[in-house]
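Asks: sequence first, predicted coordinates after that:
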Amino acid sequence: MRNRHFLLAVVLSIGSLAARGGGLAMEDQGARAAGVGGAYVAQAADPTAIFYNPGAVALMPKKKGVAAGVSLESIRQASFQGVSPGIGAGTTGEQKSKMVTLPYAFLTAPLGARAVSGLGAYAPYRLRSEWADPNVFSGRYLATSSEIEALDLAPTFAFQLTPHLGIGAGAVYRRSTLSASRRIGATLSGSITDVAMADMETDSTASTGWNAGILYRPGDAFSIGITHRSRMSVDFEGAGKLTQILTGNTQLDQLVAASFPFGQELALTSHFDYPARTAAGIAFGLSKAVTIEVDAERTSWKDTAAIPFLFPNNAGLNTTYALSLEDTTSFRGGLRFQFPTGPQLRFGYAIEKSPQPDQTVGAFLADAGRKTATAGFGLDWLDVSVGWTTFDRRSIVDNVDQFNGNYRGNAWTAAITVTK
């Protein structure tokens, strides 16, 4: 019995080490906006304004409309190279290449001469991380995979106060889920051996918030917009599952089997704070053909301290992914050129700072600042865009779990939208 308790203590002390997370916001909710680097707060002129600036919905030239499409993101390279001191020293790892597909749809309809109603469905946050070859990945006792998904339904109402001033606001109904997996190990003959896989997943949970915006457009050559999205706090329930990994040592395997609740659904709870976001933009018409816009957005991540997976009936399995996120400001700039016959060319650039401090960069998520260059093309009903993102290299030497190393990566994005 003493050996069993000793083994259990060793296993849980390893398994309860924390892992980390970072920035999750998805900005590509329409190809027109994506083509100009997301700088769209001051000139949103189609139903995607429900996301970018509800106040712009009131000043759309066509009040009745539908916009639907899909955005794609592919992480082409995300690698880890361990450094001393720490558990990852001298090792390497790579995340599996993955494609994230995010559909979206927006609908607007007039309510009289000056009011417009709308409804949007989109995914504002998404994280999918999975480390290749988890059997040898040095961070596997922290995390082998992680996922955060959120889907919003946003009924919106906008009103034209004057021909040049529009305001809008709406509710946001969100359903989201969290999940993570990690290995559990035990010391055998002086080295750590994998004895179990822990999978943790919450149920899809509802939360509510709001968004609002204002757009002032005194003429075709100038406009200014401001928008705000509220913070959302979500309490989750879900289940965890332990799967035994056989070591080939019969005595150890029997001891592990008797020490853990394998093959059961283990009740868990979790919590996550989605940040408030405030954006402002100014658009200038340099000529009839050329318009530029510059946006700045402040995201209040500071209340997002951690993601806990807590087991009320199995406290020894509790896992907390500390985040300690910080408020960030991102900047976006875009240029739109319109041919006399109607088609448009678009170019943009975005600079985004990571909210994740060095101390919490690790196996759960290694977020990084990023720079994205974009280009797009549009007709009156069809828009496409592409983008290339380079992530800042992060060199971590003070990780709280002693999982130090260098991280780097890049990605490409694409979007297509049909507007009627």
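Replies: In hand now; what should we look at?
Asks: contacting residues around residue 393?
Replies: Listed by C-beta atoms under 8 Å, 6 or more residues apart in numbering, the contact set of residue 393 reads 368, 406, 407, 408. (Each C-beta comes from the backbone N, C-alpha and C, glycine too.)
Asks: now do residue 377 against residue 136, distance only.
Replies: For residue 377, the distance to residue 136 under the criterion C-beta to C-beta, to the nearest Å works out to 45 Å.
Asks: next: residue 216.
Replies: In this structure, residue 216 and residue 136 are 58 Å apart, going by C-beta to C-beta.
Asks: who has more neighbours, residue 377 and residue 136?
Replies: residue 377 (15 against 11; other C-beta atoms under 10 Å).
Asks: the more buried one and residue 345 touch, don't they?
Replies: Yes. Contact status for residue 377 versus residue 345: in contact at 6.1 Å, counting by C-beta atoms under 8 Å.
Asks: and of the contacts of residue 393, the nearest to residue 278?
Replies: Residue 278 has its nearest neighbour among these in residue 368, at 23.0 Å by C-beta to C-beta.
Asks: hang on, that closest one packs against residue 395?
Replies: No. In terms of C-beta under 8 Å, residue 368 does not count as a neighbour of residue 395; the distance is 10.8 Å.
Asks: the two: which is more packed in?
Replies: For residue 368 and residue 395, the more surrounded residue by other C-beta under 10 Å is residue 368, and the numbers stand at 21 against 13.
Asks: quick check: longest strand of this structure.
Replies: strand 165-188 (DSSP state E).
Asks: parallel or antiparallel, list what pairs with that one.
Replies: Sheet partners assigned to strand 165-188 using DSSP bridges are listed as strand 145-162 (antiparallel), strand 191-202 (antiparallel), strand 205-219 (antiparallel).
Asks: in TSV: those, plus distance to residue 66.
Replies: TSV is the format used below for the strands paired with strand 165-188 (distance: least, C-beta to C-beta, whole Å):
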stretch	distance to residue 66
strand 145-162	14
strand 191-202	33
strand 205-219	20
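Asks: nearest to residue 239, out of those?
Replies: When those are ranked by proximity to residue 239, the top entry is strand 191-202, at 6.6 Å, counting by C-beta to C-beta.
Asks: for the closest one, the distance to its chain's centre please.
Replies: Strand 191-202 has its C-alpha centroid displaced from the chain centroid by 25 Å (C-alpha atoms, centre = their mean, to the nearest Å).
Asks: average pLDDT for it?
Replies: Here the mean pLDDT over strand 191-202 is 93, rounded to a whole number.
Asks: between the strands paired with strand 165-188, which one is nearest to residue 259?
Replies: Among the strands paired with strand 165-188, strand 191-202 comes nearest to residue 259, with 9.0 Å by C-beta to C-beta.
Asks: of all pairs in the contacts of residue 393, which one spans the longest distance?
Replies: When C-beta to C-beta is used, the two most widely separated members of the contacts of residue 393 are 368 and 406, lying 11.0 Å apart.
Asks: overlap of the contact sets of the two?
Replies: Listed as contacting both residue 368 and residue 406 by C-beta under 8 Å, 6+ apart are 393, 394.
Asks: residues contacting residue 222?
Replies: Taking C-beta under 8 Å, 6+ apart, we find residue 222 in contact with 282, 283, 284, 285.
Asks: mind doing that once more with 7 Å?
Replies: Contacts for residue 222 were tallied using C-beta atoms under 7 Å, 6 or more residues apart in numbering; they are 284, 285.
Asks: go on, residue 82?
Replies: Residue 82 sits in contact with 88, 89, 90, 91, 92, 138, 404, 405, where contact means C-beta under 7 Å, 6+ apart.
Asks: out of those, which is nearest to residue 332?
Replies: Ranking those by separation from residue 332, with C-beta to C-beta as the measure, puts residue 405 on top at 30.5 Å.
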